[in-house]
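Trainee: How does the following fold in three dimensions:
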Amino acid sequence: MIARGCPMASDRKEVLLPPESNVARLWSARRRVILLTGLAAGLILFFLWLPNGARAAMFTALRANRTMVTMLVVFSLITVSLLWSAGRSLDTRIFLLFNLRGSHPKWLDRAMWLATQAGNMITAVILAVIFFIIKYRRLTVEIILGTLTLWLLVEVIKTLTDRARPFMDHEKARVIGWRERGRSFPSGHTAQTFFLAMLISHWFHPGIWGTAALYAAAGLVGFTRMYVGAHYPRDVLGGAVLGSVWGILVRLVDPYWFGRF
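Mentor: The predicted structure is shown next:
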């Protein structure tokens with residue numbers, strides 16, 4: 001028997017969301033499509049703008065350069081691993097270890113926040129101006145065009161993966177400075193610093209210790225992205241691999257695009 005006052009399942013009314021909520025969700029989905037289309041169009045136009053020799057050099061390098069192919073495979077595996085629940089759990093544990101555990105004096109927070117700024121585009125602009133002044137024009141072009149195209153690529157991948165930032169998933173996460181906008185994977189700051197480290201090491205051949213110092217500085221920026229609460233470990237690792245690959249590609253196409261300037 002059915003007790004009085006207990007409505008049948010068919011009599012229960014569904015909770016309807018207000019119209020403005022549906023509109024907001026629809027606009028959010030369309031905005032992602034528009035953003036992705038625009039970013040992808042920017043990358044396609046850039047590749048069309050390159051001379052035929054430059055495009056051919058890139059594809060030839062992809063087939064011949066084992067290091068670059070290996071890096072791309074690693075980046076692909078990192079991206080796919082975002083779907084694995086075990087990977088997400090490990091990501092969270094490592095992030096919370098760097099972000100929450102231990103002592104966090106104010107001077108260290110300030111130092112980490114300052115160090116993480118080395119990965120923004122302003123740093124790339126400053127370096128480009130310096131190298132332009134001291135007559136390294138080709139390196140200036142590589143930094144400017146490489147930074148712009150890398151930013152486009154990172155934004156395309158972020159839009160596709162749509163991974164939330166750590167502070168959006170974990171209320172206890174510490175955020176040093178402001179809350180970063182956009183999505184989380186891959187880390188654009190880390191990609192930028194590894195891209196610059198790759199270019200500078202190729203240009204100046206600083207030796208083992210100099211190269212190690214460049215990549216240690218880039219790695220420090222990656223660490224700060226977790227410390228300030230902006231990224232998970234896999235975001236940082238993916239950014240490091242992507243930035244390094246982009247640095248190799250930019251060096252390969254340099255002989256073809258520099259003639260346009």
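
Trainee: can we go C-alpha only for contacts and neighbour counts from here?
Mentor: Will do.

Trainee: element containing the nearest residue to Leu96 once chain neighbours are set aside?
Mentor: In space, Leu96 comes closest to Ala173 once its chain neighbours are excluded; the distance is 7.2 Å by CA to CA, 6 or more residues apart in numbering. If you go by DSSP states H and E, Ala173 is not part of any helix or strand.

Trainee: buried set for stretch 173-191?
Mentor: 173-176, 183-191 (16 or more other CA atoms under 10 Å).

Trainee: Closest to Asn120 out of those residues?
Mentor: Of all the buried residues of stretch 173-191, His189 has the smallest distance to Asn120: 5.7 Å, by CA to CA.

Trainee: Which secondary structure element is home to the closest one?
Mentor: Using DSSP H and E, His189 falls in helix 188-204.

Trainee: quick one: the helix or strand hosting Arg110 to helix 188-204, angle?
Mentor: Element membership for Arg110 (DSSP H and E) is helix 106-116. Interaxial angle of helix 106-116 relative to helix 188-204 (axes from the mean of the first three to the mean of the last three CA atoms, to 10 degrees): 60 degrees.

Trainee: Show me what helix 106-116 is packed up against.
Mentor: Contact partners of helix 106-116 among helices and strands, from 3 or more CA pairs under 8 Å, 6 or more residues apart in numbering; DSSP states H and E: helix 207-227.

Trainee: by contact count, what packs against the helix or strand just after the helix it packs on?
Mentor: Counting by DSSP H and E, the next helix or strand C-terminal to helix 207-227 is helix 233-257. With contacts taken as 3+ CA pairs under 8 Å, 6+ apart, helix 233-257 sits against helix 52-64, helix 66-81, helix 85-99, helix 137-161, helix 188-204, helix 207-227.

Trainee: quick one: average pLDDT of helix 233-257?
Mentor: Averaging pLDDT along helix 233-257 yields 85.

Trainee: Check stretch 159-170 too.
Mentor: If you average the pLDDT values across stretch 159-170, you get 86.

Trainee: cool, stretch 109-128 as well?
Mentor: pLDDT averaged over stretch 109-128 gives 93.

Trainee: and that stretch, how far apart are its ends?
Mentor: Taking CA to CA, to the nearest Å, stretch 109-128 runs 28 Å from one end to the other.

Trainee: Mind listing what's buried along it?
Mentor: Asp109, Met112, Trp113, Ala115, Thr116, Ala118, Gly119, Asn120, Met121, Ala124, Leu127, Ala128.

Trainee: Give me the nearest residue to the fifth one, chain neighbours excluded.
Mentor: Read that as Thr116. Nearest to Thr116 is Val221, by CA to CA, 6+ apart, at 5.1 Å.

Trainee: now the last one
Mentor: Computed as CA to CA, 6+ apart, the closest residue to Ala128 that is not its neighbour in sequence is Thr140, at 4.8 Å.

Trainee: Adding pLDDT and distance to Phe75, write the buried residues of stretch 173-191 out as CSV.
Mentor: Putting the buried residues of stretch 173-191 into CSV (pLDDT from 0 to 100; distance: CA to CA, whole Å) gives the following:
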residue, pLDDT, distance to Phe75
Ala173, 86, 26
Arg174, 90, 27
Val175, 89, 27
Ile176, 89, 28
Arg183, 86, 17
Ser184, 86, 15
Phe185, 88, 11
Pro186, 91, 10
Ser187, 93, 12
Gly188, 93, 14
His189, 95, 16
Thr190, 95, 14
Ala191, 95, 12
